[in-house]
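Trainee: Next comes the sequence, and after it the predicted model I'd like to discuss.
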Amino acid sequence: MTWEIVIGLETHAQLSTASKIFSGASTAFGAAPNTQASAVDLALPGVLPVLNRGAVERAIRFGLAVGGAIAPRSVFARKNYFYPDLPKGYQISQYEAPVVTGGEVAIVVDGEERRVRLTRAHLEEDAGKSLHEDFHGMSGIDLNRAGTPLLEIVTEPDMRSAREAVAYAKALHSLVRWIGICDGNMQEGSFRCDANVSVRRPGAPLGTRCEIKNLNSFRFLEKAIEFEARRQVELIEDGGTVRQETRLWDAQKGETRPMRSKEDAHDYRYFPDPDLLPLAITPASMEAVRATLPELPAAMRARFVEAYGLPPADATTLTASRALADFYEAVVRHAGGEPRACANWVLGELSALLNRLEVEADASPVGPAALAGLVRRVLDGTVSGKAAKDVFAAMAAGEGEADAIIEAKGLRQVSDAGAIEALVGQVLAANAKLVEDYRAGKEKAFNALVGQVMKASQGKANPAQASAILKAKLG
């Protein structure tokens, strides 16, 4: 009998505010330890938290983007537990009344669109950070992150494979960056996933789940889920039982390992925070946030298919990030149309360049106007498609605009019919055997003759013209 994996994800997205959720301390990354922790973050006696309006607005943006329900009244609660990097002895979060409930995120797996339902998204503060590696026999505590605003996004257990979980995480990562609520920097901890994994026989009740904490890369997320599912199946098949617990991913060993027994909600003794009033969101304030939302990926994807005539797969790739989508539209605008040709260049040479440099489209060394200039020269026959790739490489290396490079390198395509006809005559005279083979019905001989014409022209002859003239000469 087969086993079924059941996966739900909890994602902590650090909200892109300049200050913390309950204090005016900076959220900038990279400061010296404990230099960005205010009296409020440190929970010194007599201090009171003040809610950051920007964090609330970003939570509303997310709720609207996923089609969730925005609560007109939500409540902050104290989640009580002890850890050295939690200065208050509790974490301010939301429990019974979160700011967003419901909604969904669309994912594409094996060319098929599926939807992952969301349970909730709630605001909370981050804890500090324990540093174990830099101290011998001790741990250091850095409270710079304490109080950083987070939106915790919780799914239903809708995913059935590690690949689906990664597709969801990537879609969510793209969305929070698209709507401008999170920078998505996983290396800096701005986007972290916890995976709840269980296994069951198909149709059976849900199994006992284990939570894998703080997965900060898509690769680790996939590997951790796959390992954990195998571990649970082997444990059950060997006669054991799965214990509910929190586990960590050990990237060096490629395995999950126990961290602590998994607490239930009642273990945290949640109760409403007496220092914070309930959060009230009026319809007017919600509509004001809605007015700031950009066109969402699904709507833009549909528009690219309808207005630009792009294949759905191309539209999906172009809208994988807002930077790439905006870049593509700018290329089309500068090129004066030709959306299919522009898409081919953005998805081809440009994307390869971005991958090599490991940068987003908005940091490309070849800008939209420059790329549009090259596309125009391919379309008007000034340069061949093959030579255009050399021009693009030169543009990426900072050698100038397309027109200047074409002239400097002598790459202008020969489109003069008389000149090409003369070359064709020379090739036919020098390749009697190929001519004979073609006339005997061997189609490959024709391609070889075209190749000879291109060679004679040093690659500058217009291939379409060369083929047409050659075919006419051969009769």
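Mentor: It's in.
Trainee: When you work out contacts or count neighbours from here on, use the C-alpha atoms and nothing else.
Mentor: Will do.
Trainee: Which positions in the helix or strand R356 falls within come out as buried?
Mentor: Element membership of R356, judged by DSSP states H and E, is helix 351-357. Within helix 351-357, the residues that count as buried by 16 or more other C-alpha atoms under 10 Å are 351, 353-354.
Trainee: export those residues to a markdown table and tack on distance to A284 and pLDDT?
Mentor: Formatted as a markdown table, those follow (distance: C-alpha to C-alpha, whole Å; pLDDT from 0 to 100):
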| residue | distance to A284 | pLDDT |
| --- | --- | --- |
| S351 | 41 | 97 |
| L353 | 45 | 97 |
| L354 | 41 | 96 |
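Trainee: want to try CSV for those, with distance to E124 as columns?
Mentor: Formatted as CSV, the buried residues of helix 351-357 follow (distance: C-alpha to C-alpha, whole Å):
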residue, distance to E124
S351, 37
L353, 39
L354, 35
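Trainee: Going by distance to K389, which of the residues you listed wins?
Mentor: Set against K389, the nearest of the buried residues of helix 351-357 by C-alpha to C-alpha is L353 (11.5 Å).
Trainee: Look up how far Y168 lies from that closest one.
Mentor: Note on L353: its distance to Y168, by C-alpha to C-alpha, to the nearest Å, is 26 Å.
Trainee: tell me the contacts of L374?
Mentor: With contact set as C-alpha atoms under 8 Å, 6 or more residues apart in numbering, L374 has these partners: 388, 391-392, 402-403.
Trainee: sorry, that was for K223
Mentor: Counting by C-alpha under 8 Å, 6+ apart, K223 touches 162, 254.
Trainee: helix or strand for it, which one?
Mentor: Counting by DSSP H and E, K223 is part of helix 218-237.
Trainee: What average pLDDT does that helix get?
Mentor: Averaging pLDDT along helix 218-237 yields 96.
Trainee: With stretch 269-289 instead?
Mentor: On average, stretch 269-289 scores 95.
Trainee: mind checking the end-to-end distance for that stretch?
Mentor: End-to-end for stretch 269-289, by C-alpha to C-alpha: 34 Å.
Trainee: Centre of the chain to it, how far?
Mentor: On the basis of C-alpha atoms, centre = their mean, to the nearest Å, stretch 269-289 is displaced by 30 Å from the centre of the chain it belongs to.
Trainee: Tell me the confidence at E421?
Mentor: Reported pLDDT for E421: 73.
Trainee: Can you report how many residues neighbour it?
Mentor: Look at E421: counted by other C-alpha atoms under 10 Å, it has 18 neighbours.
Trainee: Break the protein down into its domains, please.
Mentor: In terms of domains, the chain is parsed into 4-288, 295-409, 417-474 (source: automatic domain parsing).
Trainee: Pick out the shakiest of those, pLDDT-wise.
Mentor: Taking the mean pLDDT of these, domain 417-474 comes last: a mean of 75.
Trainee: Now do that domain: distance to the chain's middle.
Mentor: Mean-position distance between domain 417-474 and its chain equals 47 Å (C-alpha atoms, centre = their mean).
Trainee: just stretch 221-229 next, same as before
Mentor: Computed by C-alpha atoms, centre = their mean, the chain-centroid distance of stretch 221-229 equals 20 Å.
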